[in-house]
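**Student:** Below: sequence and its predicted model.
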Amino acid sequence: MHAGEDNPLASEETAASVVQSVVLHVDDDMSSLIMAEGTLEDAGFAVVHASNGREALDRYQEHQPDFVIMDAEMPVMDGFEAIRRIRQLPGGEHVPILMTTGLDDLDSITRAYDEGATDFVTKPVNFFILPHRVQYMLRSKVTADELRASQEKLDKAQRIAKMGNWEWDIESGALNFSHGFLLAIPAAESAPPSTWSECLHLLAEPERSMFEQAALRAVRKPDRLSIELSPSGGTAGQKPRTIVLEGEPQLDANGKCTHLMGTVQDVTEHREAQAQIHNLAYFDITTGLPNRARLLQLLGAAVQRADQNNSKFAVLFVDLDHFKQVNDTLGHDAGDLLLQMVSERITDVLRSSDLLTRGSEENTETHTIARLGGDEFVVLLDAIRRPEDSARVAQRLAGVIREPFHLDDNEVSISSTIGISVFPADGTDSATLLKHADVAMYHAKERGRDGYQFYSRGIHERALQRFSLEKDLKRAIGHGELDLVFQPKVEIATGRISGCEALVRWLHPERGPVSPCEFIPLAEDTGLILPLGQWVLARACRQMQQWHQLGDIGFGIAVNCSAVQFTRGDMEKELDTALKDSGLAPHLLEVELTESLLMHDINAGIASLQRMKALGVKVSIDDFGAGFSSLSYLKRLPADKLKIDQCFVKDLDSDAGDKAIVVAVTKLSHDLGLTVVAEGVETREQFGALRELACDEAQGYLISKPLAADALIAWVREQGQDDDPRWLADAA
Ligand code: C2E
Ligand code: MG
Ligand code: MG
């Protein structure tokens, strides 16, 4: 029968149901089938019958019905079994199935739902209402189909967008999510979690704690959640992904968080693209070095740092001479290759100059190289001690660039010209520093290529002087221009001589005497301190042994030792050699080391001191208090003496702070069994104050200036044997 005009349901028909819906009615009771058929057909449905479960399956496959009415109890195959099977058939998953059961049969109703029935109706069935029931159930199926379709679309869209959503029911602990959520827990692909705690267990550390803590924070506050994870456990060999997890708390009427709902998104490609864009914007493609934009940022940061630390840095503008010729004759590929090789050589030079300076001072230099484009490079030398120091780096850069390059089969030689500006002398902002380095480079080009030039004439001259001094010092060590003077130290209680310190002097043939304060740092920078130190040690030991052989000289000699000797040379061996060669008894030799050196690597320092002491040599800490002293490490040092720096002695009688320091250092040193020596004692008042403070020994102009060897012996003899030495009487 077709949908009649008098059919009340016909007017509600949607366009979709113009095609007649087919109802499969399964019942072993023939009268039921016939009764239902009439009303269903009147309502516009086409009806197919089956009298048991097995037949129902056949009919189902034959007609693909839109609706199934299924009796529970039937011969051959009952309704429950039939429903289960229909659900497994293609298209059977979502077809609405109405089960008819006995009124009092609650178990059947539950079972019906378990097997997959959509709804039930109790027998006897009201056949007039049945078509309405079918109609409404069909409608809700349409809605469910639409929902499913839209969920599928959402899933698909989420898959394309590499994202997913999730919802955590805080009370029950249940976790619902779309497939995309598994991006955040790849380990769960095979066994998706259904609760929050299962989900957490599938995450590895540190992702688990991160996610858990962020979520708990969001629930407690309540607040938005946003974290980034790199979950492991995906397909083997797959590179780690970057997943952004976001969530928002859902609150009840009391403002309490009941659910956390959120999204996950795989942003790996996005981040990679960002990094690539950053690279393109800030790095030079040919050499991989920072470009101008990045350099300006780095310069800005260097300015800030230097401002804060009150330090200096240099900007070296390096320009390759006649680079254009290489491009013109060998082509751009060869030109690019050359630029890459230059950038590698510059990098190597900076790395090795780092190694050279390290160990001599606590400054750790960090350098930056950038390419401005064309044949221009810029080197940022961070934390230099003196502006002139950068000239040495410039010379080394020019040196390595000058060495021939092999480009395929061609040997190419080029030179470079370097302009240098220094912060803060030549500018206090990045643009000015860069401009002035460029200007200096142009001056250097004008003077003939292949050279370097400081922007400031003063610095340039100082750099040149330093180089000539370095050359002269090299010569001085081998040509007898160095000498030692000796300064006595006395016991404060008696005023009697207790030892002397050997101090190096350089008599420059043209410049006259050069202060060790000037040439010792230079010798340290250039490594000349090693032969120089060796010479001082040998000479001091020989001198002391000579005096000792006179018979009436009972004191020992102290020799200064530089940090560079200590860290880069073999101090124990040198000491041993000097002692053996001279025949001096080890207890008459004392080594003075500055504290900054020991602070550099305290454990290595202690080990080395112990080895020195094993030779029988004494050790004293020089200039104590001038550097970054830490009283706490004193007790670990195997030293015999501590020399308080001159700066504390200078205002001892007028500055309460200095006095307090001397008191504290003396007290602590005595507790630790160290002898305390005051340096730079110039006045009787200072001497008197030191005596009151129970300081042990004193050294300074009040007692005597450093003296030549003969003069020292004469001075010692003048002092006499009594408790009122000559110098003390003279000083009165
Ligand atoms: P230092 O080891 O602390 O030596 C003491 C310095 O103070 C010496 O300066 C000395 O002449 C000076 N001095 C002594 N008494 C007084 C005084 O009453 N008032 C003032 N104002 N100064 C006084 P010098 O000889 O110029 O040496 C300076 C520094 O050079 C030394 O300081 C030491 O660190 C270094 N030095 C000297 N000779 C050598 C050496 O052979 N090897 C090494 N590595 N360093 C040396
Ligand atoms: Mg000294
Ligand atoms: Mg000193």
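**Tutor:** In hand now; what should we look at? Ligands and ions are numbered 1, 2, ... in the order given.
**Student:** contacting residues around stretch 172-179?
**Tutor:** Defining contact as C-beta atoms under 8 Å, 6 or more residues apart in numbering, one finds that stretch 172-179 is touched by 154-155, 158-159, 164-169, 192-199. Just so you know, the C-beta spots here come from the backbone N, C-alpha and C atoms, and that holds for glycine as well.
**Student:** quick one, what contacts the residue nearest to F624 when sequence neighbours are not counted?
**Tutor:** The shortest distance from F624 to any non-neighbouring residue, by C-beta to C-beta, 6 or more residues apart in numbering, is to L642 (5.1 Å). L642 makes contact with 620-621, 624, 634, 665, 669, 674-677, according to C-beta under 8 Å, 6+ apart.
**Student:** Now L642: which helix or strand?
**Tutor:** For L642, the enclosing helix or strand under DSSP states H and E is strand 641-644.
**Student:** Could you do M261 as well?
**Tutor:** If you go by DSSP H and E, M261 is part of strand 257-266.
**Student:** Relative to the whole chain's centre, how far out is that strand?
**Tutor:** 31 Å (C-alpha atoms, centre = their mean, to the nearest Å).
**Student:** Which pLDDT value belongs to D409?
**Tutor:** pLDDT recorded at D409 is 86.
**Student:** What's the local residue count around it?
**Tutor:** The tally of other residues near D409 (other C-beta atoms under 10 Å) stands at 5.
**Student:** Find the closest residue to ligand 3 in the stretch 351-500 of the chain.
**Tutor:** Q487 (10.4 Å; C-beta to the ion).
**Student:** How about the contacts made by Q610?
**Tutor:** Contacts of Q610 by C-beta under 8 Å, 6+ apart are P638.
**Student:** how close does I97 sit to ligand 3?
**Tutor:** As judged by C-beta to the ion, to the nearest Å, I97 and ligand 3 stand 101 Å apart.
**Student:** Quick check: closest non-adjacent residue to that residue.
**Tutor:** Closest to I97 by C-beta to C-beta, 6+ apart is V68, at 4.5 Å.
**Student:** What strand or helix carries that neighbour?
**Tutor:** Using DSSP H and E, V68 falls in strand 67-71.
**Student:** mind checking pLDDT for the nearest residue to G180 once chain neighbours are set aside?
**Tutor:** Setting aside the residues directly before and after it, G180 is nearest to G164 in space (C-beta to C-beta, 6+ apart), at 2.2 Å. Looking at G164, its pLDDT is 88.
**Student:** Tell me if I'm right that G164 and L183 touch.
**Tutor:** Yes - the pair formed by G164 and L183 meets the contact definition of C-beta atoms under 8 Å, at 6.1 Å.
**Student:** which neighbours do these two share?
**Tutor:** 264-265.
**Student:** can you pull out the strands in the stretch 601-732 of the chain?
**Tutor:** 618-624, 641-644, 675-678, 697-699 (DSSP state E, counting those that start in this stretch).
**Student:** should've said the stretch 401-550 of the chain
**Tutor:** Using DSSP E, counting those that start in this stretch, strands in the stretch 401-550 of the chain cover 405-407, 410-412, 416-423, 451-454, 482-491, 497-508, 512-514.
**Student:** pLDDT weak spots in the stretch 601-732 of the chain?
**Tutor:** The model of the stretch 601-732 of the chain has pLDDT under 70 over residues 627-630.
**Student:** Now for the nearest residue to A214 once chain neighbours are set aside, how many residues are close by?
**Tutor:** Excluding the flanking residues, the one nearest A214 by C-beta to C-beta, 6+ apart is I227, at 4.7 Å. Neighbourhood size, I227 [other C-beta under 10 Å]: 18.
**Student:** Just the pLDDT for I227.
**Tutor:** 88.
**Student:** wait, what's in contact with it?
**Tutor:** I227 neighbours (C-beta under 8 Å, 6+ apart): 210-211, 214, 244-245.
**Student:** now F624, which residues is it bridged with?
**Tutor:** With DSSP bridges applied, F624 shows beta-bridge pairing to I644.
**Student:** Name the nearest residue to the residue of the stretch 351-500 of the chain closest to ligand 3, ignoring sequence neighbours.
**Tutor:** Closest to Q487 by C-beta to C-beta, 6+ apart is P706, at 4.0 Å.
**Student:** on that earlier part again, could I get the contacts of I227 in TSV, plus columns for neighbour count?
**Tutor:** Output for those, formatted as TSV (neighbours: other C-beta atoms under 10 Å):
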residue	neighbour count
M210	15
F211	21
A214	19
V244	18
L245	24
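**Student:** Tell me the one of those nearest ligand 3?
**Tutor:** For these, the nearest to ligand 3 is M210 (54.2 Å; C-beta to the ion).
**Student:** I'd assumed P231 was in contact with that closest one.
**Tutor:** No - counting by C-beta under 8 Å, M210 stays clear of P231, with 10.2 Å between them.
**Student:** what about the strands in the stretch 101-250 of the chain?
**Tutor:** 119-122, 163-169, 175-177, 225-229, 243-251.
**Student:** by how many degrees do the fourth one and strand 257-266 diverge?
**Tutor:** Think strand 225-229. Strand 225-229 and strand 257-266 are oriented at 40 degrees to each other (axes from the mean of the first three to the mean of the last three C-alpha atoms, to 10 degrees).
**Student:** and strand 225-229, how far out from the chain's middle?
**Tutor:** 21 Å.
**Student:** Taking strand 243-251 as reference, get the angle to it.
**Tutor:** Using the same axes, to 10 degrees: strand 225-229 against strand 243-251 is 160 degrees.
**Student:** Could you list the paired strands of strand 225-229 along with their orientation?
**Tutor:** strand 243-251 (antiparallel).
**Student:** returning to what we had before: burial count for the residue nearest to Q487?
**Tutor:** 18.
**Student:** go on, S226?
**Tutor:** 13.
**Student:** What's opposite it in the beta bridge?
**Tutor:** E246.
**Student:** Does anything pack onto the helix of greatest length in the chain? Which helices or strands?
**Tutor:** Longest helix in the chain, counting residues (DSSP state H): helix 130-160. For helix 130-160, the elements it packs on are helix 30-42, strand 67-71, strand 97-101, strand 119-122, judged by 3 or more C-beta pairs under 8 Å, 6 or more residues apart in numbering; DSSP states H and E.
**Student:** Quick one: list the elements packing against the next helix or strand after the first one.
**Tutor:** In this case it means helix 30-42. Later in the chain than helix 30-42, the nearest helix or strand by DSSP H and E is strand 46-50. Strand 46-50 sits against strand 22-26, helix 30-42, helix 53-63, with contacts defined as 3+ C-beta pairs under 8 Å, 6+ apart.
**Student:** out of these, nearest to D104?
**Tutor:** Nearest to D104, of all those, is helix 30-42, at 18.4 Å by C-beta to C-beta.
**Student:** From the chain's centre, how far out is the closest one? Work that out for me.
**Tutor:** For helix 30-42, the distance to the chain centre is 80 Å (C-alpha atoms, centre = their mean).
**Student:** What of stretch 75-93?
**Tutor:** 63 Å.
**Student:** buried ones in it?
**Tutor:** 77-83, 85-86, 92 (16 or more other C-beta atoms under 10 Å).
**Student:** circling back: burial count for the residue of the stretch 351-500 of the chain closest to ligand 3?
**Tutor:** Count around Q487 with other C-beta under 10 Å applied: 20.
**Student:** Around ligand 3, pick out the residues from the protein.
**Tutor:** 622-623, 679 (C-beta under 5 Å from the ion).
**Student:** if you set the cut-off to 6 Å instead, what comes out?
**Tutor:** 622-623, 643, 679 (C-beta under 6 Å from the ion).
**Student:** wait, the residue nearest to I97 sits on H94?
**Tutor:** No - when contacts are counted by C-beta under 8 Å, V68 is not listed as touching H94 (11.6 Å).
**Student:** Between the two, which has more neighbouring residues?
**Tutor:** V68 (27 against 11).
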